[in-house]
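Engineer: Sequence first, then the predicted structure, then my questions.
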Amino acid sequence: MSLVTTQAEFLLDMCKLIQFATGQGFTLTAGELYRTPEQQEIYMKTGRSQTMDSLHLKRLAVDFNIFKGGKLVGSKTVLAPLGAYWETLNPLNSWGGNGKKLVDCPHFSRGPTKPEWTRVT
């Protein structure tokens, strides 16, 4: 499967996630989808990331700003239904709330494998 096809399928799943989240009383706004290699390098130097192989570089990850009741939320408990739904849409979808090393609840991605989360929030 080509990268373009994978990106297109990822965005279609994003649409489903946004609709699901809206139905659950959440409001999602875009945080960060694409990162340039230069921006990723800055994140590496500042400790915000520990990899230069971020799925953001391939447009296969998004960090949302997630609100409920007008307040920004980041709690794993509150966002768990979104993460669980996201991971049912495709076996390659990963939610940052399930990170083994670091938890990154606003992060949703599609990768060739389920990565270790490295972004510090």
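Structural biologist: Arrived safely.
Engineer: Who are the contact partners of the residue nearest the centre of the chain?
Structural biologist: Nearest to the geometric centre of the chain sits Phe108, at 2.0 Å (CA atoms, centre = their mean). Residues in contact with Phe108 (CB atoms under 8 Å, 6 or more residues apart in numbering) are Met14, Leu17, Ala61, Val62, Asp63, Phe64, Gly83, Trp86, Asn93, Ser94, Trp95, Gly96. (C-beta placed from N, C-alpha, C; glycine too.)
Engineer: Swap in 7 Å and give it another go.
Structural biologist: Leu17, Ala61, Val62, Trp86, Trp95 (CB atoms under 7 Å, 6 or more residues apart in numbering).
Engineer: In the sheet, which strands lie alongside the helix or strand hosting it, parallel or antiparallel?
Structural biologist: Secondary structure assignment for Phe108, by DSSP states H and E: strand 107-110. Partners of strand 107-110 in the sheet, by DSSP bridges, are strand 61-68 (antiparallel), strand 93-95 (antiparallel).
Engineer: Would you mind writing the CA trace of it as CSV?
Structural biologist: Extracted C-alpha coordinates of strand 107-110, given in CSV (Å, rounded to 0.1, in the frame of the first residue of the first chain):
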residue,chain,number,x,y,z
HIS,A,107,-2.0,11.7,20.1
PHE,A,108,-3.7,9.4,17.5
SER,A,109,-1.6,7.7,14.8
ARG,A,110,-1.4,4.9,12.3
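Engineer: For the longest helix anywhere in the chain, buried residues please.
Structural biologist: Across the chain, the longest stretch assigned as helix under DSSP state H is helix 3-23. Neighbour-count burial for helix 3-23 flags Thr6, Glu9, Phe10, Asp13, Met14, Leu17, Ile18, Phe20, Ala21 (criterion: 16 or more other CB atoms under 10 Å).
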